[in-house]
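**Student:** Sequence first, predicted coordinates after that:
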Amino acid sequence: RDAIARAANVTGAAAGDTIVFSLPANSTITLSGSELRVDRNLTIDGISVPGLAISGNHGSRVLRISVHAAATFKNLVVRDGNDAVGEGGGGIHNAGTLTLIDSKVLDNIGLGGGIFNWDGSITLIGSVVSGNTATSNGGGIHNIGGIVNLYNSKISENSAERGGGIYNWA
């Protein structure tokens, strides 16, 4: 939270700051009751910590990307999130521009179990969305009025009443 809060608030086309980690391989950052909110242009890169995961600990959503923010997550695992309040996105709630590169969104629960995209833009490159469960629509990804681009990515083994993998409401 502190690293996100201290990141430069760069708007426009600039990528903003990049957060990297100095942790042992396969480390997990476990949240204690509330999501991480990204409200600025920011890159979070786990390349220096193979297997780095951020866990909602089944108690909260993991990440929220605000309108006008551009977030890039590289080499991260987003897991065990829970959209207990019903706003959408057990793992990630996106209303901005989100890019996932070589990342995984695993075992989250909520409306849009893995990722909930509300009028935002999502690009997945070499990423996996798997094992997520929706409370109604979009086990892997629930898209409302936004754009979803998938490149060399896998959406599998997600479950929902409608749109186990992807539910698209345009």
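**Tutor:** That came through fine. Numbers count the residues shown, from 1 in each chain.
**Student:** give the contact list for Ser147.
**Tutor:** Rather than Ser, residue 147 is Ile. Ile147 is in contact with Gly120, Ser121, Ile122, counting by C-beta atoms under 8 Å, 6 or more residues apart in numbering. Glycine gets a C-beta too; all of them are placed from N, C-alpha and C.
**Student:** okay, and the helix or strand of the protein with the least pLDDT?
**Tutor:** helix 2-6 (a mean of 86; mean pLDDT, DSSP states H and E).
**Student:** in it, what's buried?
**Tutor:** Along helix 2-6, these residues count as buried under the neighbour rule (16 or more other C-beta atoms under 10 Å): Ile4.
**Student:** Could you give the number of residues near Ala71?
**Tutor:** 25 (other C-beta atoms under 10 Å).
**Student:** State the distance from Gly114 to Ile141.
**Tutor:** Using C-beta to C-beta, to the nearest Å, Gly114 is found at 6 Å from Ile141.
**Student:** who has more neighbours, the two?
**Tutor:** The residue with more neighbours, out of Gly114 and Ile141, is Gly114; 34 against 31, by other C-beta under 10 Å.
**Student:** okay, and for this protein, where does confidence drop off?
**Tutor:** Across the chain, the ranges flagged by pLDDT under 70 are 8-15.
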